[in-house]
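One predicted model, sequence on top.
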Amino acid sequence: MLDLIILSLHYFICFLISLAIWCGPKDVDLHSSGTGGAETEPDGLVFIGKEEDIKKSQRITAKVDGREIVVFYHEGKFHALDSRCYHEGGPLCRGEIEDIDGQACIVCPWHKFKITLETGEGLYEGINPLEPSPTPKWQSKGVKQRIHKVTIDNGNVYVSPPDLSVSFDSDYYADKYKNGGELAMGK
């Protein structure tokens, strides 16, 4: 009987934790309009926010042509990429930035996939079994995550709309999470 009570208590606590995570703080999409996009300038650039505000917060999420992106400010540079990880759609806006082999990388909070901020390459640590003493080395899987060009003008941060003539692995989750609902940003 005690085992049943402990098991029930365990499931109840797990339920409460799940509820707290599900109902917890959400990222705010400050730049979405009713049409599902941020403010587009005449030259096609999309206004994301004030340079100083993004520098202070270190990251911001926004929508560009209905697509969720995250803009990071790291070590004096702005980087923009699709907000959902190419692997399984994890929220990169909640990931930590790490230096891997001299490259700034966002680490997906769901499965710890590493993506370079500069190029969108997926990195993995692997060995060459043919070497006499194989040692793990960081290697590229190729460009997996769509990156977006960032422009700074008069203290404003802009992002260029994506060139969809070239596809990337992250496009699948960018499209999947476009419409909100339970797939909304930050969940």
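All right, it came through fine. Numbering: from 1, shown residues only.

tell me which element His10 is part of?
Assigned by DSSP states H and E, His10 belongs to helix 2-23.

Contact partners for the residue nearest to the spatial centre of the chain?
The centre of the chain sits closest to Leu92, judged by C-alpha atoms, centre = their mean, with a distance of 2.4 Å. By C-beta atoms under 8 Å, 6 or more residues apart in numbering, Leu92 lies in contact with Val70, Leu81, Asp82, Ser83, Arg84, Cys85, Ile106, Cys108, Pro109, Ile115, Gln145. Any C-beta I mention is one placed from the backbone N, CA and C, and that applies to glycine too.

Closest one of those residues to Asp3?
Pro109 (34.3 Å; C-beta to C-beta).

my guess is that closest one meets Gly95, correct?
Yes. The pair Pro109 and Gly95 qualifies as a contact (C-beta atoms under 8 Å) at a distance of 5.0 Å.

Need the pLDDT of the nearest residue to Glu51 once chain neighbours are set aside.
Leaving aside its sequence neighbours, Glu51 sits nearest to Gly155 (C-beta to C-beta, 6 or more residues apart in numbering; 4.9 Å). We have a pLDDT of 96 for Gly155.

likewise Tyr177?
Reading off the model, Tyr177 has pLDDT 88.

And for His111?
At His111, pLDDT is 96.

Shouldn't it be within a helix?
No. According to DSSP: H, G, I helix; E, B strand; the rest coil, the state of His111 is coil, so it is not within a helix.

And the strands in this structure?
Using DSSP state E, the strands assigned to the chain run over residues 46-50, 59-64, 67-74, 77-82, 96-100, 103-107, 114-116, 121-126, 137-143, 147-148, 150-153, 156-159.

Can I get those strands in JSON lines including distance to Phe168?
Shown next, in JSON lines, are these (distance: least, C-beta to C-beta, whole Å):
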{"stretch": "strand 46-50", "distance to Phe168": "19"}
{"stretch": "strand 59-64", "distance to Phe168": "15"}
{"stretch": "strand 67-74", "distance to Phe168": "12"}
{"stretch": "strand 77-82", "distance to Phe168": "8"}
{"stretch": "strand 96-100", "distance to Phe168": "20"}
{"stretch": "strand 103-107", "distance to Phe168": "15"}
{"stretch": "strand 114-116", "distance to Phe168": "11"}
{"stretch": "strand 121-126", "distance to Phe168": "10"}
{"stretch": "strand 137-143", "distance to Phe168": "6"}
{"stretch": "strand 147-148", "distance to Phe168": "9"}
{"stretch": "strand 150-153", "distance to Phe168": "17"}
{"stretch": "strand 156-159", "distance to Phe168": "16"}
